[in-house]
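Student: Give me the fold of what follows.
(2 chains)
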Amino acid sequence: MAESSLCAVQADGVGYSYGRKRVLENIDLRLEEGGMFCVLGPNGSGKTTLFKLISTIFALQDGEISVAGRSLRHFPTPVRRKIGVLFQNPAVDMKLTVRENLRYHGNLYGLETYDLEKRINKNLEALGVENRGGEMVESLSGGLRRRVEIAKVLLTRPSILLMDEPTTGLDPAIRSELWSIISGIRNSRKLSVLFTTHLLEEAEPADEILLLDQGHSVASGKVSELRSSLGKEYVRIGTYQPKKLAARIRKEGEIEVTVEPAAVKVVPIRGLAAPLAIRLWREYSKEATSVTLCRPTLEDLFLQKTGRLWSSTPGEI
Amino acid sequence: MIMQASSSLALREIVRFLRQKNRVIGALATPVIFWFLLGSGVGRSLASSGIRERADYLTYFFPGIVLLIILFTAIFSTVSVIEDRREGFLQGVLVAPDGRSAILFGKLIGGTLLAVFQALIVVLIAPYTDYHPDARVLMYLVAMIALLAVGLTALGFLIAWPMDSTQGFHALINLFFVPLWFLSGALFPASGAAEWIRTLMRMNPLSYGHEALAGLLATRPGMPLPLDLSHDFSIVIASTLLLVMACALQVSRRS
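Tutor: As a prediction, this is how the structure comes out:
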């Protein structure tokens, strides 16, 4: 904890139980100031519980968390002034207008009326919803509601933005739009960002990730380093008969073959994956639906660490 | 800051109430219709058996209806705690610096203002029931209505806070609030009841609220205030304080 003043969020040995059920065990993480940190995990991995601990909704049981250099156990109130929190379900009042929602939020943080109105105008404009101020939130689309919520959260000028599965329920186009908005805000306001997600592709832009599975940390570090720790590029062959094709390919020698759902993964023991991909395409083009040259992904990392596929994971905690 | 946050959340309660027209109509019309039908029906039945005049019972029942309005408003304003939790609004408040205190005082202030406003509208029809409160009596009436509103809103908040289902809340409300009202003297006086019922009525803080409301409404201009008023006020104040303290303790506890 000695270095806590140098980083935005630091967790050491965090554990949590719901009654007798242990849902988090010995979790460490460190978000550098101005950095972007992703807590990645399938449904049921404990990431929402960890998020609720960091965002001060849950009280700490085991371990320590410090935010902006302050211990959550001893100083939750000063920490709350530093964080902006975006929840999985929008924390806006559907029966109020956009502007009213922002006004109530500003009052909750004790902002003065004149300053508050100026900030509201500025944030609505920055998020492209300046013409929606008088509309009821319930009449807005999911994407616009998210924008309103971001405008609301940023009213208090937090230095750390915490987001729990921020793109839940949004279609892919809106999701990508939201990420570009968050990226723009992060750069312009020099925000430190910590977010949770179960979508592998959303974790890629993060500086660092923490991979959770069933309440345990299975890997953490920079995405590029984690990827390179997995080894070489490989070839994935799409097929309707993966077991049959894998048996034939194994006879080639000097390769590792793994059967996946509707695919066969082939890793060269010697040499490069690209010439192997061309050779396999020539020899097995009748059985193959596709041949792809792949770099190790976070999904591969999860498979390596847990022995399970990302898609075969249990329900949400 | 806490005052700004609480008053803002209280204002939100009022805005939401006024935007839901059905709620306004339901909260005001239900007790009045209840009063008229039950008062007339029971009064006539009693009159036919030679016990009591119909008009007398309508008059007797009137303070109970004021109490019922406060009770209904407390129920409706605290069920919003569960809605706020379910819709996600509450979590946004909980991560604010003084969010927990703000949501408690916001609900208490909002619920109390709505209850006082609605109860006073009904008090305006008091002259048609042989009650003629003057300015001095009205002042005491407002104070007692406000105290009862704070207490009942706090009780509703206490029940609603740990719950995530409005159905469950209504089930508990039927268990707590309705017997409290029945045993307050709103429907029948303690004097004619069985001993065990009289004991329960004496233990019920709402009985003292009802007694104060009835005593105040019956005070004609120029007459001295009821003798038991300070005793009634003391018990209602003490109960209200206890309930508010229990609420404060409950919201301060994080999971």
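
Student: ok, which residues in the stretch 51-200 of chain A are in contact with chain B?
Tutor: For the stretch 51-200 of chain A, the residues in contact with chain B (C-beta under 8 Å from any C-beta of the partner chain) are A:52, A:55-59, A:77-78, A:80-81, A:83, A:85, A:87, A:89-96, A:100, A:103-105, A:107-110, A:152. C-beta here means a position set from N, CA and C on the backbone, and glycine is covered the same way.

Student: Please repeat the previous calculation with a cut-off of 6 Å.
Tutor: Counting by C-beta under 6 Å from any C-beta of the partner chain, the stretch 51-200 of chain A comes close to chain B at A:55-59, A:77, A:80-81, A:85, A:87, A:89-91, A:93, A:95, A:104, A:107-108, A:110.

Student: Mind checking which of the residues you listed are buried?
Tutor: A:55-58, A:80-81, A:85, A:87, A:89-91, A:93, A:95, A:104, A:107-108, A:110 (16 or more other C-beta atoms under 10 Å in any protein chain shown).

Student: now the closest residue in space to A:Leu298 that isn't next to it in sequence: how far from B:Gln250?
Tutor: For A:Leu298, ignoring the flanking residues on the chain, the nearest one in space by C-beta to C-beta, 6 or more residues apart in numbering or on different chains is A:Leu200 at 4.9 Å. Distance from A:Leu200 to B:Gln250, counting by C-beta to C-beta, to the nearest Å: 41 Å.

Student: Also B:Gly106?
Tutor: For B:Gly106 relative to B:Gln250 (C-beta to C-beta), the value is 15 Å.

Student: Looking at the two, which one has more neighbours?
Tutor: A count of neighbours by other C-beta atoms under 10 Å in any protein chain shown puts B:Gly106 above the other of B:Gly106 and B:Gln250, at 24 against 14.

Student: got the phi/psi numbers for that one?
Tutor: phi -60, psi -50 (degrees, to the nearest 10).

Student: Could you tell me the model confidence score at the residue in the stretch 51-200 of chain A positioned nearest to chain B?
Tutor: For the stretch 51-200 of chain A and chain B, the shortest gap (C-beta to the nearest C-beta) falls at A:Ala91, measuring 2.9 Å. pLDDT recorded at A:Ala91 is 88.

Student: Helix, strand, or coil at the closest residue to it other than its chain neighbours?
Tutor: Setting aside the residues directly before and after it, A:Ala91 is nearest to B:Gly92 in space (C-beta to C-beta, 6+ apart), at 2.9 Å. Assigned by DSSP: H, G, I helix; E, B strand; the rest coil, the conformation of B:Gly92 is helix.

Student: From the residues of the stretch 51-200 of chain A next to chain B, which land in helices?
Tutor: Counted as lying in helices by DSSP state H, out of those, are A:77, A:80-81, A:104, A:107-108.

Student: May I see these arranged in CSV, with pLDDT as well?
Tutor: What follows is those, written out as CSV (pLDDT from 0 to 100):
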residue, pLDDT
A:Thr77, 89
A:Arg80, 93
A:Arg81, 92
A:Tyr104, 92
A:Asn107, 92
A:Leu108, 91
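
Student: ok, which pair from the residues you listed is furthest apart?
Tutor: A:Thr77 and A:Tyr104 (19.4 Å; C-beta to C-beta).

Student: follow-up on the earlier one: and the residue nearest to A:Leu298, what's its pLDDT?
Tutor: pLDDT at A:Leu200 comes out at 86.

Student: Verify the contact between it and A:Leu301 for me.
Tutor: No. In this structure, A:Leu200 is not within contact of A:Leu301 by C-beta atoms under 6 Å, at 9.5 Å.

Student: How many neighbouring residues does A:Thr289 have?
Tutor: A:Thr289 has 11 nearby residues by other C-beta under 10 Å.

Student: That one should be in a helix, yeah?
Tutor: No. Assessed with three-state DSSP, A:Thr289 is strand; it does not lie in a helix.

Student: Could you check how many residues crowd around residue 208?
Tutor: In the absence of a named chain, this looks at chain A. 20.

Student: Sorry, I should have been clearer: chain B.
Tutor: 25.

Student: Repeat that for B:Asn22.
Tutor: 7.

Student: Repeat that for B:Phe188.
Tutor: 17.

Student: for A:Val9, same thing?
Tutor: A:Val9 has 25 nearby residues by other C-beta under 10 Å.

Student: next one: A:Leu280
Tutor: 21.

Student: do you know how far it is from A:Glu254?
Tutor: Taken as C-beta to C-beta, the span from A:Leu280 to A:Glu254 is 13 Å.

Student: and if you look at B:Gly168?
Tutor: 65 Å.

Student: of those two, who's got more company?
Tutor: Relative neighbour count places B:Gly168 above the other of B:Gly168 and A:Glu254, with 14 against 9, counting by other C-beta under 10 Å.

Student: now that one: how far from A:Trp310?
Tutor: Counting by C-beta to C-beta - B:Gly168 and A:Trp310 are separated by 37 Å.

Student: Kindly report the same for B:Ser239.
Tutor: 56 Å.

Student: For burial, what's the neighbour tally of B:Pro226?
Tutor: 18.

Student: Also the one 3 residues further on?
Tutor: Close neighbours of B:Leu229, defined as other C-beta under 10 Å, add up to 18.

Student: From the ones in helices among the residues of the stretch 51-200 of chain A next to chain B, pick the one nearest B:Val15.
Tutor: For those, the nearest to B:Val15 is A:Tyr104 (9.5 Å; C-beta to C-beta).

Student: Contacts only, for that closest one.
Tutor: B:8, B:12 (C-beta atoms under 6 Å, 6 or more residues apart in numbering or on different chains).

Student: For whichever residue of the stretch 101-250 of chain B sits closest to chain A, give me phi and psi.
Tutor: For the stretch 101-250 of chain B and chain A, the shortest gap (C-beta to the nearest C-beta) falls at B:Ala102, measuring 6.2 Å. B:Ala102 has phi and psi values of phi -60, psi -40 when expressed as degrees, to the nearest 10.

Student: Near it, how many other residues are there?
Tutor: B:Ala102 - counted by other C-beta under 10 Å - has 28 other residues nearby.
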